[in-house]
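Enquirer: What shape does this take:
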Amino acid sequence: MGLFDRIKKGLMRTRENVGAKMEELVELHEELTDEFYEELTDILIMADVGVKTAELAVNRLRERCEKESVPNTQKAREVLKDILVEIMGSEPMRLSSPMVLLVIGVNGVGKTTSIGKLAARLRTVGRNVIICAGDTFRAAAADQLTVWAERAGVPIVKQTEGADPAAVVFDGVQAAKSRFADVLIVDTAGRLHNKTHLMEELKKISRVVAREYPEATVKALLVLDATTGQNGLAQAQVFKDVAEIDGLILTKLDGTAKGGIAVAIRQEMGLPVRYIGVGEQIDDMQPFDAREFINAIF
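Expert: Presented below is the predicted three-dimensional model:
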């Protein structure tokens with residue numbers, strides 16, 4: 001299955017929600033009326049694009065259709081796709097060597113599986129990858145990560161449950177340096193009940209990396225579960241408050257009809273989507289491409 005076909009299949013539920021309703025709307029309204037724009041706004045909101053972003057997109061559409069004398073709703077749909085692509089943008093993550101990727105996010109969003117899939121993906125493009133099990137708080141987190149490391153065919157650095165995460169990261173950095181790894185992927189604890197604790201833990205990990213691995217580029221990737229919809233925005237805000245986030249990994253897009261949350265997060269949070277998860281297989285994580293994403297939805 002080709003890349004676009006895989007994304008298209010993964011976004012089937014969102015397409016049934018957005019694309020099908022858009023098709024009905026275009027068939028119902030041939031002319032560009034206020035009613036058409038209002039119903040279009042509702043469709044986007046129902047897909048979790050969010051009220052602000054939906055209104056922004058439709059207002060831009062209305063302006064562009066008037067300016068360019070767009071003749072009908074069929075053509076307006078194509079203009080809308082262009083506008084959504086512009087809102088989202090495509091910013092592939094630049095890989096450098098050596099690099100440390102801190103993967104953050106609440107428990108249950110698919111952080112562990114995302115790390116395994118990301119490791120496998122980076123390995124397929126020739127990168128030497130090591131995984132570091134820095135989440136020592138959640139029971140069996142390291143064991144689950146070990147399974148994914150084995151599936152991805154990459155080594156893992158870990159300690160016992162309850163160990164100091166910064167100490168595990170220290171070991172991970174030493175392993176990355178001695179094995180000349182290109183990328184060290186660090187799992188971090190996903191608890192949000194105490195912002196201060198989360199911030200201090202991430203700062204401590206960052207200090208260890210900066211001190212022991214000054215030559216490495218450090219980036220933080222936030223993992224969000226697409227099925228949580230607008231709650232994902234709230235999670236993103238909490239993590240943005242405590243960490244400098246380079247981009248998002250959006251998981252479980254195949255399990256939701258509201259994939260429009262990707263557009264909302266980009267517009268309202270200013271955070272680019274780097275990778276999307278569209279299935280359960282190890283190769284079902286794909287680099288995000290705004291044009292392919294929007295085409296797959298429509």
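Enquirer: Just the element for the residue positioned nearest the centre of the chain, please.
Expert: For the chain, the residue whose C-alpha lies nearest the mean C-alpha position (CA atoms, centre = their mean) is I249; its distance is 2.3 Å. Under the criterion DSSP states H and E, the helix or strand holding I249 is strand 247-251.
Enquirer: Check which element follows that strand along the chain.
Expert: Of the helices and strands lying after strand 247-251 in sequence (DSSP H and E), the nearest is helix 261-269.
Enquirer: Quick one: mean pLDDT for that next one?
Expert: Mean per-residue pLDDT for helix 261-269: 84.
Enquirer: With stretch 5-24 instead?
Expert: For stretch 5-24, mean pLDDT is 81.
Enquirer: can you check stretch 286-295 too?
Expert: If you average the pLDDT over stretch 286-295, you get 87.
Enquirer: So which bits of it are buried?
Expert: By neighbour count on 16 or more other CB atoms under 10 Å, the buried set for stretch 286-295 is Q286, F288, D289, A290, E292, F293, I294, N295. Every residue, glycine included, has its C-beta placed from N, CA and C.
Enquirer: The helix or strand in which E66 is found vs helix 261-269, what angle?
Expert: Take DSSP H and E as the rule and E66 turns out to sit in helix 51-67. Between the direction of helix 51-67 and that of helix 261-269, the angle (axes from the mean of the first three to the mean of the last three CA atoms, to 10 degrees) works out to 90 degrees.
Enquirer: Identify each buried residue in helix 51-67, please.
Expert: Residues of helix 51-67 classed as buried: T53, A54, L56, A57, V58, R60, L61, R62, C65 (neighbour count, 16+ other CB under 10 Å).
Enquirer: ok, back up a step: show residues contacting the strand holding I249.
Expert: Defining contact as CB atoms under 8 Å, 6 or more residues apart in numbering, one finds that strand 247-251 is touched by 91, 93, 103, 105, 109-110, 113-114, 118, 219, 221-226, 236, 261-262, 265, 271-277, 285, 288.
Enquirer: what about the helices in the chain?
Expert: In chain order, the chain shows helices spanning 3-10, 12-28, 34-46, 51-67, 73-88, 111-124, 141-152, 165-178, 195-212, 231-242, 261-269, 290-297, with DSSP state H as the criterion.
Enquirer: list the contacts for V263?
Expert: Contacts for V263 (CB under 8 Å, 6+ apart) come out as V49, G50, T53, A57, L84, I87, M88.
Enquirer: What ranges in the protein fall below the confidence cut-off?
Expert: Within the chain, the set of residues satisfying pLDDT under 70 comprises 1-4, 191-195, 257.
Enquirer: If you count residues, where's the longest strand of it?
Expert: Of all segments of type strand in the chain, defined using DSSP state E, the longest is strand 217-225.
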